[in-house]
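# Sequence and predicted structure are below.
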Number of protein chains: 4
Amino acid sequence: MKQIGMIGLGRMGANMVRRLLRAGHDCVVHDIRAEAIAELAGEGARGATLLEDLVAQLNPPRAVWIMLPAALVGKTVTALRALLEPGDIIIDGGNSDYRDAIAQARELRRQKLHFIDAGTSGGIHGLDDGYCLMIGGDPQAVQSLTPVFTALAPAGGWLHCGPAGAGHFVKMVHNGIEYGLMAAYAEGFNLLAQADRGLAARPADAETAPLAQPENYPFTLDVAAIAELWRHGSVVRSWLLDLTAQALHENPTLAGYSGHVADSGEGRWTMRAAIDLGVPMPVLASALFERFGSQGQNVYANKLLSAMRKGFGGHGEKPVDPAAHDIRPGD
Amino acid sequence: MKQIGMIGLGRMGANMVRRLLRAGHDCVVHDIRAEAIAELAGEGARGATLLEDLVAQLNPPRAVWIMLPAALVGKTVTALRALLEPGDIIIDGGNSDYRDAIAQARELRRQKLHFIDAGTSGGIHGLDDGYCLMIGGDPQAVQSLTPVFTALAPAGGWLHCGPAGAGHFVKMVHNGIEYGLMAAYAEGFNLLAQADRGLAARPADAETAPLAQPENYPFTLDVAAIAELWRHGSVVRSWLLDLTAQALHENPTLAGYSGHVADSGEGRWTMRAAIDLGVPMPVLASALFERFGSQGQNVYANKLLSAMRKGFGGHGEKPVDPAAHDIRPGD
Amino acid sequence: MKQIGMIGLGRMGANMVRRLLRAGHDCVVHDIRAEAIAELAGEGARGATLLEDLVAQLNPPRAVWIMLPAALVGKTVTALRALLEPGDIIIDGGNSDYRDAIAQARELRRQKLHFIDAGTSGGIHGLDDGYCLMIGGDPQAVQSLTPVFTALAPAGGWLHCGPAGAGHFVKMVHNGIEYGLMAAYAEGFNLLAQADRGLAARPADAETAPLAQPENYPFTLDVAAIAELWRHGSVVRSWLLDLTAQALHENPTLAGYSGHVADSGEGRWTMRAAIDLGVPMPVLASALFERFGSQGQNVYANKLLSAMRKGFGGHGEKPVDPAAHDIRPGD
Amino acid sequence: MKQIGMIGLGRMGANMVRRLLRAGHDCVVHDIRAEAIAELAGEGARGATLLEDLVAQLNPPRAVWIMLPAALVGKTVTALRALLEPGDIIIDGGNSDYRDAIAQARELRRQKLHFIDAGTSGGIHGLDDGYCLMIGGDPQAVQSLTPVFTALAPAGGWLHCGPAGAGHFVKMVHNGIEYGLMAAYAEGFNLLAQADRGLAARPADAETAPLAQPENYPFTLDVAAIAELWRHGSVVRSWLLDLTAQALHENPTLAGYSGHVADSGEGRWTMRAAIDLGVPMPVLASALFERFGSQGQNVYANKLLSAMRKGFGGHGEKPVDPAAHDIRPGD
């Protein structure tokens, strides 16, 4: 049985504590939200309202796992440094920039503290399926936490990837790939959803590209059924497809979504690394840029395109076709 | 002096007639809008209310130039065929699919009619600057129209590119390139317009990638002045940049544009050719897809991405940041 | 028990026959290679050296499944038409253009023959796992073949998607997505494989972008172990990742591959549909264009870029860095 | 008349000195290559073998212009700092990272030195046409150099864009756009060069996408003549097209080029800014990635794609078609 502190009891942190508790580990938990602490205390964890409490409740050498948004990790590490003792270990399990891990490990080493970056994948399903853990840090410190990693991950689901930063680097690339996979499905399903376009009429003017051969787009496809179908024996089967099939099954018209897709940093960092190294990543970049576009960041560029078109061709803008915004697959 | 019939007196056709009249040619003009005929009749052209009139007013061997949207060319050619005689020439100067030109030339040849495809670039500025003409068709027919091409084009501005279809093929690629050039400028100016982002605050949560080093984005740039600057001695100077500078000078905030950018077929046909031939065109494809996105055709895909994110991470969508839609460069 | 004819005993067709035989169906098989027929005859199928034999050995209403390269399907259908009788069914299970299916079904209908397009996924693993079948065609004909589809597919692995063409349309999009998924992994693993670049020196001249902060790329990653890791609990787990992990396990340096990646048509057709419909597909297009590039189709474009650079900057080309071509992950 | 020191007498620096001398300015010049100094000394400049000499020959307040590869600017600024006095100005005219300019200006300000970043475009043609200058820095220092900027630039060809860093930021985006423009032309001309593909035969097997409708690609186009044509009246006319036409005129087969296209940093920095700010730049990214690919950085990814294809489909690689590498437009 290992003892571990957990800071940050959001979607990820709370479930990781639950998984550790189930495996018989001793968890001391902290969050800025008292009710989050209380909830896990009710499930067997020991609560700590202050960082000082958390540190005090752990026996040295301590292991403190931080599960916070990237923007909050730095100040938390700084606060912990003042409280920890040589030999203690800080683990950052969030979606932090791996460069921070390299810098933090270097800094903490001066104080004889260990820093471990533990890239964590699995989302809300990790509670039951286990989390895939990509670990960076000193071999000794990593080894000492083997029981923790084993409890969190499914069989085969954790790896010591290399020195500090390697874990978050691998997680970063993992998320970059994830963006690409998601976009591949999204683009494909978008095409399926529009395969009935030949059934509708279409204006013929100089501003609109005519639909060549509408007879080739006569299909009203059941997108949800196709997602489900592909789960069985197809080359594109995957866990993301499982989720997609479930999402389309529950909400075939995707009602309630606006199409504003956030990105949480790791896709950007992947691209930054690609640029630093001169590695071409057109697919992952396109996936990232689709998200930027969905966030409205292409509006200025598009307005300028319209202004140029007016400049050389006297073209006015056509009003947006409202039907294009209101696709209803499966209706 | 040559005699020529012109069908279609829109932005392009009317100005081409004017240019031909200035060069002393005899023009018989037709349009479905009587007022368009009347206007050019007042400038020295001979009007023809019906296609039959137009043909009757021309001496054989006739040359009839069609300047219509791609979707209307086919039926006009069909109508003309019934009226013309062996040795007559039909010229399609619009943005038609070059494949149609190949097919039409083959068809008309049976009737001993000539078909010439004349890709025409220059937009509303062609009246003064001349039009760049990309010509396909039988050498003899092309040669017989040399005075017409010379009157329409500036010095060096017309070329017999090859057999029927070659003119529209070259024009198609021209427009594909045009899309790429426009997008390159639009993306670059978009970045310039957002270089002041570091001056504003930004939320720190798990759903938003934090702006790393806001101190690197402190610039409130005068985008219009930069467009003007680049016209003088820079590597990126071009006619499209001239237009961009003028557009930004007249309307620095791009007020009145929604950012819905139409596409008129040639970009798509360029891509189709690239795909047929296995030629990579990531830049031109990206430019085309940006337009499709601006037309709202990515909404389903983006909604599905949001649904997937909810599926694995429990992420809800964030409301779109209205500020992102309301960039005001130069304010 | 159903009776079925199979034409084309390559990688896919032969295994599908085996799966049908195992399920107790009666298979008559044909191929231009006598040894392929003999092999399956040895496993319980009835061989037919000529199409005529195959048709003669089947009781009406017959079902003949074609499993051939797209380029050979048309002539085979034509040959079969002359031999079949009203009520018979032709199934095209290959990677054919769905537009051909639409046209063929229309044509065969005049002769009271049924045409079914059966997009088939699963590759060489389908023998054991079952094939995912995407079916288009008349409901009655499709229904009559239910026992065949059930034998070929795993549970849940076949779907009647819509009228003729719908099956191949869905399979086409499936393959388009597949290209995107594959490229997402390939790009990500490429970045992992190059994360040690900071350990090497790099020239500093005007022609080479300097590697900013080499200390950020100190990782010698075990790419094969990471592929295996991600199979367990990560968001990017998939069947393609299973294959990738196995490939990297067996051949960590990817020895023997040149990097020339073929494409077999469906990615192109997906893109053509996207262009017809104005649906943005930047990710799938990028994946396709990466393949075109790997086939050497960007060489002219790149030479022209070099010529332009020489034109404005007097830049000569640098020799290709041989090290860039000889990456050895895991060495 | 102004006095100015110039460090770095390469392609750009030497010609800038010439332009300053022609305008009657007093130039003190330095380079590590003695012959470069001697050459300009022969044209009226004063040579300085050592930085100390250069500084000693200038009257305070001095203005020293650095025209060196980005990788060498930092150490040169450091060396100059030790020699200069309060009120002196350092101008970096190279393709440096604008972030360095922000940092250097901050640092130099402590010593009461001014830092000006002067993004410089125009290439080897700037000697005659003038250079387009994008200036960042303190208004007073910028103003004091007005005669210098006026001598270097054509009319309208210089702009004070904002505080330190703004000049290099604008130049960075300029180059990002340049990459996009170049790629747009290169892709388009590549397509033109391959429009004769329908004249050749093509294999029909499962590994090669068949060329649909070869009759649509019967054009043997004179690519050089088309480049020249488009210079006259077309929408895509530009200075880069002028260079392209000249390059194709002189070397229609692009003999001697390998297609290895270097990138010099600014395209990467543009992309980094786009990623920091969440601004989509699919076109500029694609252009950059095409260059990375031309440098051989996609080989690992492509090998992995081949390995995956073998994994699911048993596909072997096809040998690269040597004809694809040896396109000869205009032959």
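In hand now; what should we look at?

# tell me the contacts of the spatially closest residue to A:Gly313 that is not a sequence neighbour?
Ranked by C-beta to C-beta, 6 or more residues apart in numbering or on different chains and with sequence neighbours excluded, the top spatial neighbour of A:Gly313 is B:Gly123, at 4.5 Å. (Glycine included, C-beta is placed from N, CA and C.) Contacts for B:Gly123 (C-beta atoms under 8 Å, 6 or more residues apart in numbering or on different chains) come out as A:Phe312, A:Gly313, A:Gly314, B:Arg11, B:Met12, D:Val235.

# can you pull out the strands in chain A?
Listed in chain order, the strands of chain A (DSSP state E) span A:3-7, A:26-30, A:46-47, A:63-66, A:89-92, A:114-121, A:132-136, A:158-162.

# Grab the nearest non-local neighbour of the most centrally placed residue in chain A.
The residue lying closest to the centre of chain A (C-alpha atoms, centre = their mean) is A:Asn175, at 6.0 Å. Computed as C-beta to C-beta, 6+ apart, the closest residue to A:Asn175 that is not its neighbour in sequence is A:Glu266, at 3.6 Å.

# Go ahead and confirm that neighbour touches A:Ile177.
No. Counting by C-beta atoms under 8 Å, A:Glu266 stays clear of A:Ile177, with 10.1 Å between them.

# of the two, who's got more company?
Set A:Glu266 next to A:Ile177 and count neighbours by other C-beta atoms under 10 Å in any protein chain shown: A:Ile177 wins out with 30 against 25.

# how about the strands of chain A, which one is nearest B:Val29?
strand A:114-121 (68.0 Å; C-beta to C-beta).

# Can you list the strands that the closest one pairs with?
Looking at strand A:114-121 with DSSP bridges, its partner strands are strand A:89-92 (parallel), strand A:132-136 (antiparallel).

# Mind putting those strands into a markdown table with distance to C:His160?
Converted to a markdown table, the strands paired with strand A:114-121 look like this (distance: least, C-beta to C-beta, whole Å):
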| stretch | distance to C:His160 |
| --- | --- |
| strand A:89-92 | 50 |
| strand A:132-136 | 37 |
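
# Can you check which of these gets nearest to C:Gly156?
strand A:132-136 (26.3 Å).

# How far does the longest helix anywhere in chain A sit from its chain's centre?
In chain A, taking DSSP state H as the definition, the longest helix is helix A:166-193. A distance of 10 Å separates the centroid of the chain from that of helix A:166-193, by C-alpha atoms, centre = their mean, to the nearest Å.

# And stretch A:87-104, by the same measure?
That offset, for stretch A:87-104, works out to 17 Å (C-alpha atoms, centre = their mean).

# hang on, the earlier thing: turn the strands paired with strand A:114-121 into CSV, columns for mean neighbour count.
Converted to CSV, the strands paired with strand A:114-121 look like this (neighbours: other C-beta atoms under 10 Å in any protein chain shown):
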stretch, mean neighbour count
strand A:89-92, 28
strand A:132-136, 29
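
# Make CSV from these and add mean pLDDT to it.
CSV is the format used below for these (pLDDT from 0 to 100):
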stretch, mean pLDDT
strand A:89-92, 98
strand A:132-136, 98
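
# and D:Val170, which of these is closest to it?
Taking C-beta to C-beta, strand A:89-92 is the member of those nearest to D:Val170, at 37.6 Å.

# picking up where we left off before, quickly check the contacts of B:Gly123 for the two that are furthest apart.
B:Arg11 and D:Val235 (13.7 Å).

# Tell me, how many residues neighbour the nearest residue to A:Ile116 once chain neighbours are set aside?
Distances taken as C-beta to C-beta, 6+ apart put A:Gly137 closest to A:Ile116, at 3.7 Å, once the chain neighbours are dropped. If you count neighbours by other C-beta under 10 Å, A:Gly137 ends up with 28.

# Could you measure from the closest residue to chain D within the stretch 101-250 of chain A over to C:Asn175?
Going by C-beta to the nearest C-beta, chain D is nearest to A:Val235 of the stretch 101-250 of chain A, at 5.6 Å. Per C-beta to C-beta, to the nearest Å, A:Val235 is found 8 Å from C:Asn175.

# do the same with A:Gly265
Taking C-beta to C-beta, one finds A:Gly265 at 32 Å from C:Asn175.

# Equivalent analysis for A:Ala36, please.
The gap separating A:Ala36 from C:Asn175 is 46 Å, by C-beta to C-beta.

# so what's A:Ser234 closest to, chain neighbours aside?
C:Cys132 (3.6 Å).

# sorry, that was for A:Arg18
A:Leu127 is the one closest to A:Arg18 (C-beta to C-beta, 6+ apart), at 6.0 Å.

# neighbours around A:Thr150, how many?
16.

# show me the contacts for A:Cys27.
By C-beta under 8 Å, 6+ apart, the neighbours of A:Cys27 are A:Gln3, A:Ile4, A:Gly5, A:Met6, A:Val17, A:Leu20, A:Leu21, A:Leu40, A:Gly44, A:Ala45, A:Arg46.

# a markdown table for those residues, including neighbour count, distance to chain D and pLDDT?
Listed next are the contacts of A:Cys27 as a markdown table, based on neighbours: other C-beta atoms under 10 Å in any protein chain shown; distance: C-beta to the nearest C-beta, whole Å; pLDDT from 0 to 100:
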| residue | neighbour count | distance to chain D | pLDDT |
| --- | --- | --- | --- |
| A:Gln3 | 17 | 40 | 97 |
| A:Ile4 | 24 | 35 | 98 |
| A:Gly5 | 27 | 33 | 98 |
| A:Met6 | 26 | 31 | 98 |
| A:Val17 | 25 | 33 | 98 |
| A:Leu20 | 24 | 35 | 98 |
| A:Leu21 | 17 | 39 | 98 |
| A:Leu40 | 22 | 35 | 98 |
| A:Gly44 | 15 | 42 | 97 |
| A:Ala45 | 23 | 37 | 98 |
| A:Arg46 | 18 | 41 | 98 |
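
# Quick check: residues of chain A near chain D?
Selection of chain A residues close to chain D by C-beta under 8 Å from any C-beta of the partner chain yields A:235, A:263, A:268, A:271-272, A:275-282, A:285-286, A:288-290, A:292-293, A:295, A:297-298, A:301, A:312.
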